[in-house]
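1. compute the structure for the input listed below.
(chains A and B)
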Amino acid sequence: MKPNLLEIHDLAIRFHTENGNVDAVRRVSLSLKEGGSLAIVGESGSGKSVTALALTRLLPSPPAEYVGGRIVFEGQDILTMSKPALRKIRGGGIAYVFQEPGTSLNPVFTIRSQIAEGIRLHRPEVRDVDAEVVRWLTAVGIRDPEARMRDYPHQLSGGMQQRVMIAMALSCRPKLLVADEPTTALDVTIQAQILAELRRLKEEFAMALILITHNFGIIRGLCDRVAVMYRGEIVEYGETESVLKNPQHAYTKALIACVPRLGSNEKRLQTIDYAWEAAAAK
Amino acid sequence: MIASPNTIPLSPLDAGSRDTPLRRVARRFFRNPVAVVCCAVIAIFFSVAIVAGFLSLANLPMPYQPNATNLSRKLLPPNATNWLGTDNLGRDVLSRMVAGSTISLTVGFVAMAVSLGIGIVVGAVSGYFGGWVDNVLMRMVDAILCFPSFFLILTAIAILGPNIWIIIGVIGLVSWTGTARLVRAEFLTLRESEYVRAARALGQRGPKIIFRHILPNAFAPIFVTAVISIPDAILIESGLSFLSFGVPPPQATWGNIIADGKTYILDAWWLIVFPGLAIFIAALAFYMAGDALRRAADTRSL
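-> Purely as a prediction, here's the structure:
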């Protein structure tokens, strides 16, 4: 049996704000095997992005405070790690793809120099950086990579930019890729392409994947397990298929019901009815 | 009417590879006729200043020795031999102005470099790290801004003595606060940008993020303040010279030619008007070039 690549035990994160403290994440425990895949699903403000950023301590503190729990990546505790060790993990161990590809790329540099930056940081042994850049642009399905790598971000379409972001992340050869709503800013046809690309690349490079989304519709076939987050807590956690077919928690049921189905005769889109919460409180 | 497909301009993507952000700014800058004129004026001043610098090093006339007195030819109005007239000691005003241009532009540029260097470092550190570091540095800026800068400079020079390098240093040390505030404000915004977060997520180090990712994006406003701080320094130096706190005589500067000439203001207008014009034109050219640059670099005004 493979060892766990990532284990999160009882993670709690608090934000200190001027209007008092906010417990963004409470009692979150997750685990992920090498090459495994996990979806974290939840609505805005449920703490899914905070959890993802906490994996490499990317939340600025203050205001964030890691109140308790442990994050163990390859046997090392992230929360107590020294900064130089942490920088090795960032990118090299755990790489990110963020939501907005247009703003995640630095506008004043070419694609080439931005991908090369990660390669130089984490793989100093690579001699021919340009060839490596071309290789990864090809891997994410960008045509004519030799020409495209001399482009600036604004010269590419949103879908191409997100592919570049993925190439940037992958070129550091991470063990775990965290995709934080990677398709939210893209239109639907490009969404499908990017998701298919992620699925293929995950298999090809035997990489673990954490996909963060608010959309239950996109995780099937991409993630083996799913964690549903609500108000900073995990309310349901299990195999994707069984959660989708047989959701246990009322919130999960409500969230799944929100995904519109093609061909259904509903006049209105489903929204989440928070009545269950009042019922649960009683 | 439907436009034929042939009239639709081709996408600029093919030409795009050479379309660096810097080139776009330069292209828009030079499309502005005012900017071109200002650059030409600045270029002329520069060539004169550089040539004069070498001539004075070699002790050669420009067109006459700037400090050679000739009492038989004193206070002459502009004429064929002395194009801009002579002063009360019979020195050629044109030669003295040419010699003074080296001083003025040196002061302008070196003082700008000093204030820019300090301003960028203080502003970058303040804006990037925030917290108490930011607080301490910005209160320091406030404290310096509390003093009227011209009197601070006067006091410093009265104590340290009027030497051109001391004057440059003092002007630079007093005028970095604006740049620091500007750089800090830019950094506060850019620090929260997605690509800075992406760079941190990639494991990049703090100093590298500052200099590689944030600073190049803040270059446009920094460059504009740099250009605009040049005439500020030139004006301060002229003011100091006028009050005889500037570069000591007999070295000519635009300010002290006016200072020497002010006694004869009713009899010898040329002693005031020509160096005054030189200061005015140089300062105006830099200010307007700075303004044109600001417009060219402002992506919102596309």
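2. where exactly do the strands run in chain A?
-> Under the criterion DSSP state E, chain A contains strands at A:4-17, A:20-33, A:37-41, A:64-73, A:76-77, A:94-97, A:176-180, A:208-213, A:225-230, A:233-239.
3. pick the most deeply packed of the ones you listed.
-> Each of the strands of chain A was scored by mean neighbour count; the highest is strand A:94-97, a mean of 28, by mean count of other CB atoms under 10 Å in any protein chain shown. Where you see a C-beta, it was placed from the backbone N, CA and C, and this is true even at glycine.
4. with only the CA atoms kept, save it in PDB.
-> Taking C-alpha atoms only, strand A:94-97 is exported to PDB below (Å, rounded to 0.1, in the frame of the first residue of the first chain):
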ATOM      1  CA  ILE A  94       3.200  21.300  -4.100                       C
ATOM      2  CA  ALA A  95       2.500  23.600  -7.100                       C
ATOM      3  CA  TYR A  96      -0.600  25.700  -7.700                       C
ATOM      4  CA  VAL A  97      -2.800  26.700 -10.500                       C
END
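5. what's the average pLDDT for it?
-> The pLDDT scores in strand A:94-97 average 91.
6. so is it next to chain B?
-> Yes. Residues of strand A:94-97 contacting chain B under CB under 8 Å from any CB of the partner chain: A:95-96.
7. show me what contacts residue 108?
-> The chain I'm using is chain A. Contacts for A:Val108 were tallied using CB atoms under 8 Å, 6 or more residues apart in numbering or on different chains; they are A:152, B:21, B:216-217, B:219.
8. could you do chain B instead?
-> So B:Gly108 contacts B:230-231, B:233-234, B:237, B:286 (CB under 8 Å, 6+ apart).
9. quick check: phi and psi at it.
-> phi -60, psi -50 (degrees, to the nearest 10).
10. what's the spacing between it and chain A?
-> Separation of B:Gly108 from chain A (CB to the nearest CB, to the nearest Å) stands at 28 Å.
11. can you check B:Pro248 too?
-> From B:Pro248 to chain A the distance is 45 Å (CB to the nearest CB).
12. so that residue sits right up against B:Pro162, yeah?
-> Yes. B:Pro248 sits in contact with B:Pro162 when judged by CB atoms under 8 Å, with a separation of 5.2 Å.
13. now the host helix or strand of B:Ala292, how far from the centre of its chain.
-> In the assignment (DSSP states H and E), B:Ala292 maps to helix B:270-297. Helix B:270-297 has its C-alpha centroid displaced from the chain centroid by 10 Å (CA atoms, centre = their mean, to the nearest Å).
14. now check it, is it near chain A?
-> No. Helix B:270-297 lies apart from chain A when judged by CB under 8 Å from any CB; the minimum separation is 11.9 Å.
15. quick one: buried residues of that helix?
-> Across helix B:270-297, burial judged by 16 or more other CB atoms under 10 Å in any protein chain shown covers B:270-276, B:278-279, B:282-283, B:285-297.
16. do the same with stretch B:27-44
-> B:28-29, B:32, B:35, B:38-39, B:41-42.
17. of these, closest to chain A?
-> Lowest distance from chain A to the buried residues of stretch B:27-44 (CB to the nearest CB) belongs to B:Arg28, with 15.4 Å.
18. verify the stated contact: the closest one with B:Leu293.
-> No. With contacts counted by CB under 8 Å, B:Arg28 stays clear of B:Leu293, the gap being 9.6 Å.
19. okay, now the residue in the stretch 201-302 of chain B positioned nearest to chain A: neighbour count?
-> Per CB to the nearest CB, B:Gly203 is where the stretch 201-302 of chain B lies closest to chain A, at 3.6 Å. Neighbours of B:Gly203 under the rule other CB atoms under 10 Å in any protein chain shown: 23.
20. tell me the residues of the stretch 1-150 of chain A that contact chain B?
-> A:56, A:58, A:62, A:86-92, A:95-96, A:98, A:100, A:103-109, A:117-118, A:121-122, A:147, A:150.
21. one more pass at 6 Å, please.
-> Counting by CB under 6 Å from any CB of the partner chain, the residues of the stretch 1-150 of chain A close to chain B are A:58, A:87, A:90-91, A:96, A:100, A:103-106, A:108, A:118, A:121, A:150.
22. which of the residues you listed fall in helices?
-> A:87, A:90-91, A:103-104, A:118, A:121 (DSSP state H).
23. who are the packing partners of the helix or strand hosting B:Ala52?
-> If you go by DSSP H and E, B:Ala52 is part of helix B:33-57. With contacts taken as 3 or more CB pairs under 6 Å, 6 or more residues apart in numbering or on different chains; DSSP states H and E, helix B:33-57 sits against helix B:93-129, helix B:270-297.
24. low pLDDT regions in chain A?
-> Within chain A, the segments meeting pLDDT under 70 span A:1-2, A:262, A:264, A:266, A:274-282.
25. which residues does residue 90 contact?
-> Picked chain A for this. Contact analysis of A:Arg90 by CB atoms under 6 Å, 6 or more residues apart in numbering or on different chains lists A:56, B:201, B:203.
26. wait, I meant chain B there
-> Applying CB under 6 Å, 6+ apart, we find B:Gly90 in contact with B:69-71, B:73-74.
27. one more time with 7 Å
-> B:69-74 (CB atoms under 7 Å, 6 or more residues apart in numbering or on different chains).
28. excluding chain neighbours, what is closest to B:Gly123?
-> Excluding its sequence neighbours, the residue lying closest to B:Gly123 (CB to CB, 6 or more residues apart in numbering or on different chains) is B:Val183, at 2.7 Å.
29. does B:Ile281 touch B:Ile42 like I think?
-> No. Using CB atoms under 7 Å, B:Ile281 makes no contact with B:Ile42, being 9.9 Å away.
30. report whether the host helix or strand of B:Arg200 contacts chain A.
-> For B:Arg200, the host element (DSSP H and E) is helix B:194-201. Yes. Judged by CB under 7 Å from any CB of the partner chain, helix B:194-201 comes into contact with chain A through B:194-195, B:198, B:200-201.
31. quick test: name the residue nearest the centre of the chain.
-> In the absence of a named chain, this looks at chain A. The centroid of chain A falls nearest to A:Ala179 when counting by CA atoms, centre = their mean (2.5 Å).
32. think we crossed wires, I meant chain B
-> Centroid-nearest residue in chain B: B:Ile230, 1.3 Å away (criterion: CA atoms, centre = their mean).
33. ok, that one - contacts?
-> Per CB under 7 Å, 6+ apart, neighbours of B:Ile230: B:108-109, B:112, B:286.
34. not counting its neighbours along the chain, what's nearest it?
-> B:Gly108 (4.1 Å).
35. farthest-apart pair in the ones in helices among the residues of the stretch 1-150 of chain A next to chain B, please.
-> With distances taken as CB to CB, the most widely separated pair in those is A:Arg87 and A:Thr103, at 22.6 Å.
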